[in-house]
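Novice: Sharing a model prediction with you, sequence too.
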Amino acid sequence: MPVFVRSGAIVLPGDVVAEGNYRAGEGVMRTNGRLVSLYLGIARVAREGISVTPFKHIYIPRVGDIVVGKIRDVGVTNWLVDINSPYPAVLQVSEALSRPIDVTKIDLRRYLDIGDVIVAKVIEFDYLRDPMLTIKESRLGKVTEGLLLEFQPSLVYKVIESRLRLIDEVKSKLKCDIYVGKNGRVVVTGARNRLLEVVDLLTMIFEDFSPGSTSRIRARVSRLGRR
Amino acid sequence: MSRPEEIIPKLRKDTIISLLSQGRRLDNRRPDEFRELKIEANVIERADGSALVSLGNTMVIAGVKAVLGTPYPDSPNEGAQIVNAELIPLASPVFEPGPPGEEDVELSRVVDRALRSAGAIDLRELAIVPGRRAWCIYIDIYALNHDGNLIDASALAAVAALYTAKIPEVEVRGTEVRVKEERRGLPMRDVPVTVTFAKIGGEIVVDPCYEEELVMDARITFGIDGKGNLCAIQKGLRGTFTCEEVVRAASLARKLSMSLREAVVKLKA
Amino acid sequence: MGEEKPKLMTEDGRRVDGRRPDELRPTEIEVGILKNADGSALIRQGKNRIMVAVYGPRELHPRHLALPDRAIVRCRYHMAPFSVPERKSPAPTRREIELSKVIREALEPAIILEAFPRTTIDIFIEVLQADGGTRTASITAAAVALADAGIPMRDLVAAVAVGKVDGVLVLDLNHLEDQYGGGDMPVAMMPSLEEITLLQADGTFTLEELEKGLKLAMKGIRELYEIQKRALRERYSSLAVELREGRR
């Protein structure tokens, strides 16, 4: 029973990746006894099955995901939050404040206004209703200073673990906080006068895939903090 | 990098303003610096003239078509110039399909004004049979990718397309007009360009990118002709400018216009 | 029109542009040139220059147009005024409205719409220069743009028009052949699945011509499929190499 691709190969929608009893992982569909790729992406062949990770994909919320959101609208009992997804999210007042408030007397704008940036967690999502968020856990909440960056929320997050480790190194060397949302948004706080350096590095990490880029990035990060 | 959106978080606006106070912009440009400009002419061979302009990531295409028509009654010895610009949804998630809106129309009219006031096209040379037949030059401008400053990119595309255009020769016998195979250049008397500034939190920057446009308070465009005269001015949005700011910007626009014009003139070198 | 019909086929079976009856026009596809669009492609086929942008899946406004269990697809086919010899008014014509619909219906079967309930996938096609066969070239480019956008598809879709010139079936009509020939049959197909997603015809075809014509179309579609795949692979080849390096 043949497999037609190796791990790391580029596959296209409609490409037959295997024939026979292999398990169809993510990004792969079984048709007429054949496993077919659904995406333009990278094939992964493993014992558990064959999957394809797309180069580009929009962000679909998953329960438990940490995301960076922007407040889009303020309601009476909740806020509408843009999480860089075709599914706008809802933050209920009960998931934002630790004490109950009287919504008939208090304007929610006091706490979060349109344009504010929050780091939140997805607590509920089925496709029939909008995803629900919370900011009540630690390290979640409104971001009051710093920089917001947006990247393609796709393959890079799932696969480039070595690059994500570099981000931890940048954080500790430059003593700043970097929140990487699963939805393609990154918040950098506390970097003060090295902010632009951090932005340059993050841009390289998430967008530069020219030949030799990974080693260049590693070299730059290791040179950090040697002032 | 960023996905363009209409509500920009205050965080981002604060960042842009604080960078500006240090004389820096998001993409490391100086306040008086244009993005990289590329102009390719004759990209649509079927059109009488065409140009594709890239200004940073902003991409605009313009096509020129000469159509035989009748002159306007109040200018029987002149041809006509019609500018039509469209911000099509292909270029940005913020453009919606449908008939031209106020932004499309403003863009068309500003580009038209710059061309007309500078006398760019010699309309009198386009009359064929006085009062009856003249060339009507259509300039159609389509945004392909919106990353800010569609005005300057559109004006450049229009002027470049006109500058490199070739229209058919005509033969007149009495009142009969015959279009010949041979072609000649469009009669041009000037090469105007536009220079647009954005005012962000008190700072004035040239050639705003999309993100800068999202946080700008006001915008001003200057059309500059080949002699250094101001041939069009358009202020936009709710913010304001002082007289001093206007004059300073106009002076800078005149300086910056020279290399823009050079890029167009080079196309026929 | 009152013009003389041009000679469309020479004695030795060559067409106006020198092609043999079963030859495609030179075709090139560039992927990802538009930065704002989620996916994009520019196709050059003969003198055709067509730009396609895909946005989505994205939120749909007004929300009541959305479907609860799948995405909807919206398609806008438009010809720039300077794309045709006689300047065309920018307002949408009935032809553009019909083509927007059939192009959408040619691409929808390939898209896994159930993956994105309550969203819209928007396809914007702008013909910058037209030379016959713009609807099929648009479909071929749009499929590439959809794949570039990371939208899951059962297969790519490729399309070509078959026509009749002096009684001979020809592949990939150019403008002259379309205007003066004896018939025009655009065909779109998902090549791996061998399923037809668009089929139209004008002029007249016998049953035998229909069958032969479909076979001829399939030949052209398979060639276009290879061109689509090559363009998509090239776009990401250096990225794929870096990803393999990066895992070490």
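Specialist: Good, I have the coordinates.

Novice: Which residues are in contact with the closest residue to C:Ala71 other than its chain neighbours?
Specialist: Nearest in space to C:Ala71, with sequence neighbours left out and distances taken as CB to CB, 6 or more residues apart in numbering or on different chains, is C:Phe116 at 4.2 Å. All C-beta atoms are positioned from the backbone trio N, CA, C, and that covers glycine. C:Phe116 makes contacts with A:Ile58, A:Ile60, A:Pro86, C:Gly56, C:Pro57, C:Arg70, C:Ala71, as judged by CB atoms under 8 Å, 6 or more residues apart in numbering or on different chains.

Novice: With B:Leu19 instead?
Specialist: B:Arg25, B:Leu26.

Novice: Now do the helices in chain C.
Specialist: C:94-107, C:134-148, C:175-180, C:207-246 (DSSP state H).

Novice: where in the stretch 51-200 of chain B is pLDDT low?
Specialist: In the predicted model, the stretch 51-200 of chain B carries no residue with pLDDT under 70.

Novice: For whichever residue of it sits closest to chain A, grab the count of nearby residues.
Specialist: Nearest to chain A, among the residues of the stretch 51-200 of chain B, is B:Pro93, at 11.4 Å (CB to the nearest CB). By other CB atoms under 10 Å in any protein chain shown, the residues close to B:Pro93 number 19.

Novice: what's B:Asn42 in contact with, if anything?
Specialist: B:Gly49, B:Ser50, B:Ala51, B:Thr164.

Novice: Check the gap between the residue nearest in space to the middle of chain A and chain B for me.
Specialist: In chain A, the centroid-proximal residue (CA atoms, centre = their mean) is A:Lys182; its distance is 1.8 Å. Separation of A:Lys182 from chain B (CB to the nearest CB, to the nearest Å): 15 Å.

Novice: go on, C:Ser237?
Specialist: From C:Ser237 to chain B the distance is 22 Å (CB to the nearest CB).

Novice: distance of B:Lys192 from B:Val110?
Specialist: Not Lys; residue B:192 is Pro. Separation of B:Pro192 from B:Val110 (CB to CB, to the nearest Å) stands at 11 Å.

Novice: Quick check: neighbours shared by those two?
Specialist: B:Ala155, B:Gly223, B:Ala232.

Novice: For whichever strand or helix holds the second one, list the C-alpha coordinates in PDB.
Specialist: Element membership of B:Gly223, judged by DSSP states H and E, is strand B:218-224. Listed in PDB are the C-alpha atoms of strand B:218-224, where the atom choice follows Å, rounded to 0.1, in the frame of the first residue of the first chain:
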ATOM      1  CA  ALA B 218      -5.800  65.300   8.200                       C
ATOM      2  CA  ARG B 219      -4.300  64.900   4.800                       C
ATOM      3  CA  ILE B 220      -3.200  67.300   2.100                       C
ATOM      4  CA  THR B 221      -2.300  66.700  -1.500                       C
ATOM      5  CA  PHE B 222      -0.400  69.100  -3.700                       C
ATOM      6  CA  GLY B 223      -0.300  68.800  -7.500                       C
ATOM      7  CA  ILE B 224       3.000  70.200  -8.900                       C
END
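
Novice: Just checking: what are the partner strands of that strand?
Specialist: Under the criterion DSSP bridges, strand B:218-224 sits next to strand B:193-200 (antiparallel), strand B:230-236 (antiparallel) in its sheet.

Novice: what is the mean pLDDT for that strand?
Specialist: Strand B:218-224 shows a mean pLDDT of 94.

Novice: isn't C:Glu239 right up against A:Lys56?
Specialist: Heads up, residue C:239 is Leu, not Glu. No. Using CB atoms under 8 Å, C:Leu239 makes no contact with A:Lys56, being 10.6 Å away.

Novice: which ones are touching C:His175?
Specialist: Contacts of C:His175 by CB under 8 Å, 6+ apart are C:Lys47, C:Ala130, C:Asp131, C:Gly132.

Novice: nope, A:Leu224 is what I meant
Specialist: Contacts of A:Leu224 by CB under 8 Å, 6+ apart are A:Glu169, A:Val170, A:Lys173, A:Leu174, A:Glu197.

Novice: Could you give me the ChimeraX syntax to select whichever of those residues are buried?
Specialist: With 16 or more other CB atoms under 10 Å in any protein chain shown as the criterion, this ChimeraX line picks the buried residues out of the contacts of A:Leu224:
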select /A:170,174
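
Novice: Reduced to three states, what does B:Ser18 come out as?
Specialist: helix (DSSP: H, G, I helix; E, B strand; the rest coil).

Novice: no no, B:Val60
Specialist: Secondary structure state of B:Val60, per three-state DSSP, is strand.

Novice: isn't it right next to B:Val159, touching?
Specialist: No. Between B:Val60 and B:Val159 there is no contact under CB under 8 Å: 11.7 Å.

Novice: ok, these two, which is more surrounded?
Specialist: Using other CB under 10 Å, the more surrounded residue of B:Val60 and B:Val159 is B:Val159, with 32 against 29.

Novice: Would you mind measuring from the more buried one to B:Cys231?
Specialist: 12 Å.

Novice: so A:Pro61 sits right up against A:Asn84, yeah?
Specialist: No. Counting by CB under 8 Å, A:Pro61 stays clear of A:Asn84, with 10.0 Å between them.

Novice: looking at chain A, which helix or strand does the model trust least?
Specialist: helix A:155-159 (a mean of 54; mean pLDDT, DSSP states H and E).

Novice: okay, now A:Met204: neighbour count?
Specialist: 19.

Novice: For burial, what's the neighbour tally of B:Glu245?
Specialist: Neighbours of B:Glu245 (other CB under 10 Å): 16.

Novice: Would you mind measuring from it to chain C?
Specialist: Taken as CB to the nearest CB, the span from B:Glu245 to chain C is 31 Å.

Novice: Same question for B:Ser18.
Specialist: 26 Å.

Novice: picking that back up, go through the shared contacts of B:Pro192 and B:Val110 and give me the one with the most neighbours.
Specialist: In the shared contacts of B:Pro192 and B:Val110, the most neighbours by other CB under 10 Å go to B:Ala155, 32 neighbours.

Novice: care to break chain A down by domain?
Specialist: A:10-54, A:66-143, A:147-223 (automatic domain parsing).

Novice: For B:Ile44, which of those domains is the nearest?
Specialist: Closest of these to B:Ile44 is domain A:10-54, at 29.4 Å (criterion: CB to CB).

Novice: how long is that closest one end to end?
Specialist: Taking CA to CA, to the nearest Å, domain A:10-54 runs 9 Å from one end to the other.

Novice: Report the distance from that domain to the chain centre.
Specialist: How far domain A:10-54 lies from its chain's middle: 23 Å, per CA atoms, centre = their mean, to the nearest Å.

Novice: now stretch C:92-111
Specialist: 10 Å.

Novice: just stretch C:32-46 next, same as before
Specialist: 13 Å.

Novice: Straight-line length of it, end to end?
Specialist: Stretch C:32-46: ends 21 Å apart by CA to CA.
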